[in-house]
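Chemist: starting from these lines, generate the structure:
(one chain, ligands or ions: 1)
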Amino acid sequence: MMIMVTGGAGYIGSHVCVALLNAGLDVVVVDNLANSKETSLRRVRSICGRSFYFRQVDIRDEHAICEILRTYEVTAVIHLAGLKAVGESNVRPMTYYENNVFGTMSLVSAMKSAKVKTLVFSSSATVYGIPTYLPLDEDHLLRPTNPYGRTKLFIEEMLNDLYRSDGDWRIGILRYFNPAGAHESGLIGEDPLGVPGNLVPFLAQVAIGKREKLRIWGKDYETPDGTGIRDFIHVVDLAAGHLSVLRYVERPGVLTVNLGTGRGNSVLEVVRTFEAVSGKPVAYEFAERRAGDVAVCYADPTHAKETLGWRSTRSLAQMCADHWRWQLQNPNGYEGNYDETEAVRAFPALRSNASA
Ligand code: UD1
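Modeler: Model (predicted):
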């Protein structure tokens, strides 16, 4: 089975590729490399010991996408390509609509022409907006509070309409909570462009000495320690979720499902856990609440468990340890000249994969 992964060179995409390749599926990655590096794909090959295809193409190029779908005889598409910075989406909303909404329309159009009707789409828990109850299940009201979240919601609606118009479509909509961590090899991980906006990449850069201190946005939330609570999910667990969904969408329909742990951890808990596993102190100071942040957000993952048999298995400590290994081995992300053969040597699992 040939799977096309849009955005496959990115943080989540590279981990999804590892999951697919290790499951014996074939992969063609489509990525415009706007926010990712081809090095990640080379590293995916090192981890899996298997080759796959890569085409540097923008999903808005309908003609090129159609050609790829036909040439590689793609059976399903995992669609992760898109812009994802909340703050930037407030400043440049049309760029977000253009990339995310129009990009998906163009992709769907190409899929229709090539008669590929299986699509797994990466949505976000941000579609829920401010929680009216917790944990958040899939029936919760959808009221995103920023343009980025609205692009995700509009795409979800669009895909539901698509299925209503043609019952042959097989669609999975995945609402991610807060992905963090990295592959256990330390070969692939998150390589943020500029100053990281998300908590874990930022505090990892503080721990390694690239940034002076973490600013914790808000210490007076109605939570046990006053800091915000989120559902941090290990990116490898998240990637495994895609594989389960791919198996599920062998039947027509639309499956909308949360991918989260069901566990909430506060910002301070994450800081303490990171300090414990890295052995490095993380300097921080408290600052005003960040506009648009909610106090508490975590998933009800029951639907994923019942329909897919999937649940996250990795702990917060493991997530921090894996993130730290990635940070330590790649202080400058993919820009560095880290010798990955060392990592392959250090991980017997990788070595046996590589020689398979
Ligand atoms: C953010 C996005 C969300 C997106 C998600 C995953 C916002 C408002 N929301 O979610 O749409 O789906 O990332 O990419 O940006 N924190 C600090 N200091 C920091 C960074 C974060 O204290 O330097 C705190 C935040 O206030 C929050 C928690 O850490 O309480 C998690 O923040 P973050 O990693 O940005 O994720 P979300 O805000 O949940």
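
Chemist: the one residue in the chain that gets nearest to the ligand: neighbour count?
Modeler: In the chain, the residue that lies nearest the ligand is residue 228 (2.6 Å; C-beta to the nearest ligand atom). Placement of C-beta: from N, CA and C, glycine included. Look at residue 228: counted by other C-beta atoms under 10 Å, it has 25 neighbours.

Chemist: for residue 208, same thing?
Modeler: By other C-beta under 10 Å, the residues close to residue 208 number 14.

Chemist: let me know the pLDDT of it.
Modeler: The model reports residue 208 with a pLDDT of 96.

Chemist: what's it in contact with, if anything?
Modeler: Shown in contact with residue 208 (C-beta atoms under 8 Å, 6 or more residues apart in numbering): 280, 327-328, 331.

Chemist: try residue 169
Modeler: 117-119, 159, 162-163, 252, 254.

Chemist: tell me how far the residue of the chain closest to the ligand lies from residue 89.
Modeler: The spacing between residue 228 and residue 89, counted by C-beta to C-beta, to the nearest Å, is 20 Å.

Chemist: just residue 325 next, same as before
Modeler: 31 Å.

Chemist: between the contacts of residue 208, which is closest to residue 268?
Modeler: For residue 268, the closest of the contacts of residue 208 turns out to be residue 280, at 16.2 Å, with distances computed as C-beta to C-beta.

Chemist: backbone phi and psi for the closest one, please?
Modeler: When read as degrees, to the nearest 10, the backbone of residue 280 gives phi -110, psi 140.

Chemist: which residue ranges form the helices in the protein?
Modeler: Using DSSP state H, the helices of the chain run over 11-22, 39-48, 62-71, 86-91, 93-96, 103-113, 147-165, 199-207, 235-248, 267-278, 302-308, 316-329, 340-346, 348-355.

Chemist: okay if I get those as CSV plus distance to the ligand and mean neighbour count?
Modeler: Shown next, in CSV, are these (distance: least, C-beta to the nearest ligand atom, whole Å; neighbours: other C-beta atoms under 10 Å):
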stretch, distance to the ligand, mean neighbour count
helix 11-22, 9, 25
helix 39-48, 17, 22
helix 62-71, 25, 18
helix 86-91, 4, 16
helix 93-96, 12, 16
helix 103-113, 17, 20
helix 147-165, 6, 18
helix 199-207, 4, 23
helix 235-248, 11, 22
helix 267-278, 5, 20
helix 302-308, 17, 16
helix 316-329, 12, 22
helix 340-346, 26, 15
helix 348-355, 28, 13
